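1. return a 3D structure for these sequence lines:
(2 chains)
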2 protein chains.
Amino acid sequence: MRLSRYFLPILKETPKEAEIVSHRLMLRAGMIRQQSAGIYSWLPLGLKVLRKIERIVEEEQARAGAIQLLMPTIQSADLWRESGRYDAYGKEMLRITDRHERDMLYGPTNEEMITEIFRSYVRSYKDLPLNLYHIQWKFRDEVRPRFGIMRGREFLMKDAYSFDLDQERAVESYNRMFVAYLRTYKRMGLTAIPMRAETGPIGGDLSHEFIVLADTGESEVYCHSDYLTKDTPGEEVDFDDDLTPIVQDWTSHYAATEDIVDKAEFEASVPEDKRIVARGIEVGQTFYFGTKYSEPMGAKVATTEGTEVPVHMGSYGVGVSRLLGALIEANHDDNGIIWPKSVAPFHVGLINLKPGDELTDTTSESLYSKLEAAGIEVLYDDTDTRAGAKFATMDLIGLPFQVVAGPRGLRDGLLEVKERSTGEKEMLTPEATLNKLTAALTD
Amino acid sequence: MRLSRYFLPILKETPKEAEIVSHRLMLRAGMIRQQSAGIYSWLPLGLKVLRKIERIVEEEQARAGAIQLLMPTIQSADLWRESGRYDAYGKEMLRITDRHERDMLYGPTNEEMITEIFRSYVRSYKDLPLNLYHIQWKFRDEVRPRFGIMRGREFLMKDAYSFDLDQERAVESYNRMFVAYLRTYKRMGLTAIPMRAETGPIGGDLSHEFIVLADTGESEVYCHSDYLTKDTPGEEVDFDDDLTPIVQDWTSHYAATEDIVDKAEFEASVPEDKRIVARGIEVGQTFYFGTKYSEPMGAKVATTEGTEVPVHMGSYGVGVSRLLGALIEANHDDNGIIWPKSVAPFHVGLINLKPGDELTDTTSESLYSKLEAAGIEVLYDDTDTRAGAKFATMDLIGLPFQVVAGPRGLRDGLLEVKERSTGEKEMLTPEATLNKLTAALTD
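-> Below you'll find the model as predicted:
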């Protein structure tokens, strides 16, 4: 993408309203724009990262056997009356009346609707296990939206729903999502620790919050430091296998959020030098809640014996949009964002230091087309701006590599290649640059 | 994808509420489910087609230089008060009050919000031309939603917005979208005819509706039959060139919808044997409306002379979700849907006629993995259902090719390969099957 044809509205001033670094950097880097309290537009650079996060989530959901569908944002209140949550949900639910005076709402979550879909089509244990998920915008009318997209009102969530014949099989489904989550976050370069958690308005008796440690996290967490160095299941993991050993390994040490922590237990079970008390950002939550929705809503299946039983369900959320915030909280320095390769909006920022100069133009254009042909995404700064501003913008938006084509270096046939995360620079020929970037950025 | 692990809730009965064939077939093929009047869930098969349509739209928008962002669904009423449309829009706008008693709405379109984004960041003619688009759910509270997703309340639309210094350049931007639309529909196998149209609530003085002819279309259209055989610009079209000749060619003959038709002009300008009077489905609309929004909302840019002028705008919609309906209206027979290759949810339906039989199992599994490795998407029916039902389901869901692995054919080492669109069948070895499908389905 040529910057001259892109829309990247960098802010020079640090926005006053932004309390945390991820919010500040997303505004400054032209990734988001606030439209109303807690409601954001995703500007081109922000949307590109959002889509990359979605793709990773989708790939790992598919690997774990979940099937994607898409439920609408607007739901009928009647569904929520069936489960009893319409009155219970409170003011966070955005309630709407349509032109025919019917009570509707903007879905804050989808347990009711997916249960309705399930009961409409599925009749037999033979169709189980089943795990259906979608990635859809949700609305929760937070009384005080803050921290940018970290606690917005309109936000993008992946929510999966599992259906099983009994509790034992439901726990197998739970374990599949648990392992999928470990992999999902790891692929984004995040260490997310599964912690025992309150089940809140979803209900149920088995639940984990997946927490990324960050100073600006919304809650205090207590955990064993071994979680920070634990191995994540690789691509070879077979989701048809019994995943209990992995889940046991990842729940063997103490880890709990402040809502539920038992400090005596924490101190008794974790040696002093292994105790972590820190702030954490919740990036996902898993629930097993049995028949909490299937029973009132009549979602039943026939067993092998032919009797009908309410199906056992779980739900599994990933905060897709808030992950951008968590990623930036975990990956930045004073100059800006440092994107992990897997979610970077572009892989390479190519700076033409002197557009109009034949040598810098030819070299830049040639490298640009070769990198793109190799499947590497390049943001090519072909604009007529001063060098300092170009460097600052590239550092701010945090692409993994920067390549500078300047008249001085090119006199010796060399480009400057900088790795954003380390700051290391080297002077390379265009050919060596292409080889280095291809090796570093393609699989 | 193995059918045994998929969620494809085929309906045996034809749903009574469905008046038109696309609605009936989408319900029967397990593509959508109605959740409320005019509000649908996209079941896995439907979502796959929706995503393929989105990808084509995105690719052609990018080719034409439009930049993707994403605006939220919920908007502030204040924005619409600035343009004067809040009161004018009527009951189709879903109006919402949040917990702080602020007036909000579910966006039916985004002229106001994109103008707000533009005026916040863009100051100079140097940043023009600019074309920003998104693909986002919209809500229009239709008094009588009908025809399934063809006239729903919550629907997915691509809307692009162009910004130019003056009318002449704005028409260039208009032409780029016009040509992008011709290509977009053609890639889906549709012939969409650009027709002069009313501008309606968007306003403006240059507008075309892109219409697909279909008996179940919502409006009557009048056009020259040469449009049905006209060449569509190929991949070689350069969007930096002057596109006027292409637009002129595609607007040289009479074509108008019933809202605007001048029958005397139609009859005077079109020879009798070339006149088409038919029903049509609108799948897109383009508008140039000048300064209608930029002026009241103060979206101005500095000219080369340093004076400030309101920017000239256009907007360009594609009905992404309704395109599924239009595609099915144009591509079906008595047995079901016939997907064009470019938007088919899977490319091949592979039927194992006798799961449990070693020969059909081994042959099917081997072909399944080879096709998938070749990048061909396969729905592999590995279920224990009777043959007739399997054939009927495959015809209903309309994948371009069907491959049948039955014990009888395999005794001679042969599979049956059927092309859905022609019904032609041939008996081929697994190797010849793989070669044929690879040649037909990969580029």
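2. and the pLDDT at A:Pro15?
-> A:Pro15 carries a pLDDT value of 84.
3. element containing the closest residue to it other than its chain neighbours, please.
-> Closest residue to A:Pro15 apart from its sequence neighbours, by C-beta to C-beta, 6 or more residues apart in numbering or on different chains: A:Leu27 at 4.7 Å. Every C-beta, even on glycine, is put in place using the N, C-alpha and C of the backbone. In this structure, A:Leu27 sits in helix A:21-28 according to DSSP states H and E.
4. following element in sequence after that helix, please.
-> strand A:32-36.
5. could you check how far that next one is from the centre of its chain?
-> Centroid separation for strand A:32-36 versus its chain: 19 Å, with C-alpha atoms, centre = their mean, to the nearest Å.
6. tell me the angle it makes with helix A:21-28.
-> Strand A:32-36 and helix A:21-28 meet at an angle of 90 degrees, taking axes from the mean of the first three to the mean of the last three C-alpha atoms, to 10 degrees as the criterion.
7. strand A:32-36 and chain B in contact?
-> Yes. Residues of strand A:32-36 contacting chain B under C-beta under 8 Å from any C-beta of the partner chain: A:33, A:35-36.
8. which one of those is nearest A:Ile96?
-> Nearest to A:Ile96 among the residues of strand A:32-36 next to chain B, counting by C-beta to C-beta, is A:Ser36 at 15.9 Å.
9. ignoring the adjacent residues along the chain, who's closest to that closest one?
-> B:Ser76 (4.5 Å).
10. now for that neighbour, how many residues are close by?
-> Residues near B:Ser76, counting by other C-beta atoms under 10 Å in any protein chain shown, number 21.
11. could you pull up phi and psi at it?
-> phi -80, psi 140 (degrees, to the nearest 10).
12. what's across from it in the sheet?
-> B:Met104 (DSSP bridges).
13. so what's it up against?
-> A:35-36, A:39, B:102-105 (C-beta atoms under 8 Å, 6 or more residues apart in numbering or on different chains).
14. same deal with A:Ser162?
-> Per C-beta under 8 Å, 6+ apart, neighbours of A:Ser162: A:129-131, A:170, A:173-174, A:176-177, A:313-316.
15. quick check, nearest of those to chain B?
-> A:Leu130 (6.4 Å; C-beta to the nearest C-beta).
16. quick one: contacts for that closest one?
-> By C-beta under 8 Å, 6+ apart, the residues touching A:Leu130 are A:67, A:118, A:122, A:162-163, B:7.
17. 7 Å instead?
-> A:122, A:163, B:7 (C-beta atoms under 7 Å, 6 or more residues apart in numbering or on different chains).
18. quick one: which of those residues has the most company?
-> Using other C-beta under 10 Å as the neighbour criterion, A:Phe163 leads the contacts of A:Leu130 with 25 neighbours.
19. which SS class is that one?
-> strand (DSSP: H, G, I helix; E, B strand; the rest coil).
20. tell me which parts of the stretch 1-150 of chain A are close to chain B?
-> A:5-7, A:9, A:33, A:35-36, A:39-44, A:47, A:65, A:67-76, A:91, A:94, A:96, A:98-99, A:113, A:117, A:120-121, A:130, A:132, A:137, A:139, A:141, A:143 (C-beta under 7 Å from any C-beta of the partner chain).
21. coming back round to it: considering the contacts of A:Ser162, which possesses the most neighbours?
-> Per-residue neighbour counts (other C-beta under 10 Å) across the contacts of A:Ser162 peak at A:Met177, which has 31 neighbours.
22. wait, is that residue part of a helix?
-> Yes. Per three-state DSSP, A:Met177 lies within a helix segment.
23. go ahead and list the helix or strand containing the closest residue to it other than its chain neighbours.
-> Using C-beta to C-beta, 6+ apart and skipping the chain neighbours, the partner closest in space to A:Met177 is A:Tyr316 (4.3 Å). According to DSSP H and E, A:Tyr316 maps onto strand A:312-319.
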